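Asker: need coordinates for the below:
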Amino acid sequence: MIKKIQLTVIIFLFSALTKITYAGPGTVSGQLLGIENAAKVSALGGAYAGLSDDLNAVSYNPAGLAQIYGTEFQFTHVLYYLDTRINSFTYGQRLGKLGIGFKWKMLSAEDTGRKSSGAKIENFDITMSHYAFGVGFPVAERYRVGFTMNIISEKYEVEGINNFTEDLSDSGVGFDIGWHYTGFRGSSYGMVIRNMGSGLKPADEEAPLPRQYVVGGAHRMNRFNFLWEAYISNQTNFAWKCGIEANLSDNFKARAGLSVITKTDFTLGFGIPYNNWDMDYAFFPHQDMGIVHRISLGVHF
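Answerer: All right, here's what the predicted structure looks like:
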């Protein structure tokens, strides 16, 4: 059995590395897939593939869904750039040896185009939706695998003067496959291929989904959790993320994260667990676009 698992891991690695060799930066669709929304994960810089020990695994490493115990719910609200709003609802459930997850996420934005004189030219209405269905299960004492199906849709509505209207929309399906290993002394590791599938074509040209080949780890030392993640995608040649969580008390966790993708970004946040409830907050300052606030409220039982 162990030899079969090792062979599976080797094949997974070889396939991912082969794809990475030919990966290059470019234009992608389904941008909503790449926007961090869970406050806990965002505060850790997005480095979650190696931990993924709760319902957020459905988006970051579906193999981690096998670590869910009981039932979990989470609602997240994001105040994004330029009055853009993102809301999401996530559900996780343990079913025997299986862990399942469902996630709904929607981005909505409105804007008005005007002439230099201030006269209105047209109104824009943008809606992006994402539905994710994931499952994770153990294949040995410390090994897990998982799969997620992502359904993504984009719709752009333009209402101009003289009753001119234009609607552009499209949808697509992508898949994630993940592997997770719990090591010794509080360490765990994960590998994920995210967003395999056809791209979207809301306008004239079809663009692929933001495919990523990810490896990550998590390490627990006393009251601290250290997380890291590195990946290559068709959107950027190489990127890495890291985060730290300090368990300062039973009811307060301080978090900080760093991500280097096209530029370096910092995030800060905290978590307040109380009985079966969790409240998480993340603060992300952008030097040009402003500040992003994320807040998540979850319950598990």
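
Asker: quick one: contacts for K241?
Answerer: G45, G46, A47, W228, E229, A230, G257, L258, S259, V260 (C-beta atoms under 8 Å, 6 or more residues apart in numbering). The C-beta positions use only the backbone N, C-alpha and C, and glycine is treated the same way.

Asker: out of these, which comes closest to F270?
Answerer: G257 (12.1 Å; C-beta to C-beta).

Asker: and the closest one, how many neighbours does it have?
Answerer: 26 (other C-beta atoms under 10 Å).

Asker: so it belongs to a strand, correct?
Answerer: Yes - assessed by DSSP: H, G, I helix; E, B strand; the rest coil, G257 belongs to a strand.

Asker: wait, what's in contact with the residue lying closest to it once chain neighbours are set aside?
Answerer: Of all residues not flanking G257 in the chain, G45 sits nearest, at 2.5 Å (C-beta to C-beta, 6 or more residues apart in numbering). For G45, the contact set (C-beta under 8 Å, 6+ apart) comprises L227, K241, C242, G243, A256, G257, L258, S259, D265, T267.

Asker: touching, H77 and N87? I think so.
Answerer: Yes - judged on C-beta atoms under 8 Å, H77 makes contact with N87 at a distance of 5.6 Å.

Asker: quick revisit: relative to S108, which of the contacts of K241 is nearest.
Answerer: Checking the contacts of K241 one by one against S108 (C-beta to C-beta), the nearest turns out to be G46, at 22.4 Å.

Asker: and that closest one, what does it touch?
Answerer: Here G46 is in contact with E36, E229, K241, G243, G257, S259 (criterion: C-beta under 8 Å, 6+ apart).

Asker: where does the prediction get shaky in the stretch 151-300 of the chain?
Answerer: 160-166, 202-205, 286-289 (pLDDT under 70).

Asker: now the contacts of G46 in CSV, with distance to K105?
Answerer: What follows is these, written out as CSV (distance: C-beta to C-beta, whole Å):
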residue, distance to K105
E36, 11
E229, 20
K241, 20
G243, 21
G257, 20
S259, 19
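
Asker: among the residues you listed, which one sits closest to L168?
Answerer: Looking across those and measuring by C-beta to C-beta, the closest to L168 is E36, at 25.7 Å.

Asker: how about the nearest residue to that closest one, chain neighbours excluded?
Answerer: Using C-beta to C-beta, 6+ apart, the closest residue to E36 is S42 (4.2 Å).

Asker: and the one you found, helix, strand or coil?
Answerer: Per three-state DSSP, S42 ends up helix.

Asker: tell me how many other residues crowd it.
Answerer: 29.

Asker: surely it and T267 touch.
Answerer: Yes - counting by C-beta under 8 Å, S42 touches T267, with 5.8 Å between them.

Asker: now for those two: what residues contact both?
Answerer: Common neighbours of S42 and T267 (C-beta under 8 Å, 6+ apart) are G257, A282, F284.

Asker: still on that earlier bit, mind listing what the residue nearest to E36 touches?
Answerer: Neighbours of S42 in contact, by C-beta under 8 Å, 6+ apart: E36, G257, T267, G269, A282, F284, R294.

Asker: for the last one, phi and psi?
Answerer: In other words, R294. phi -130, psi 130 (degrees, to the nearest 10).
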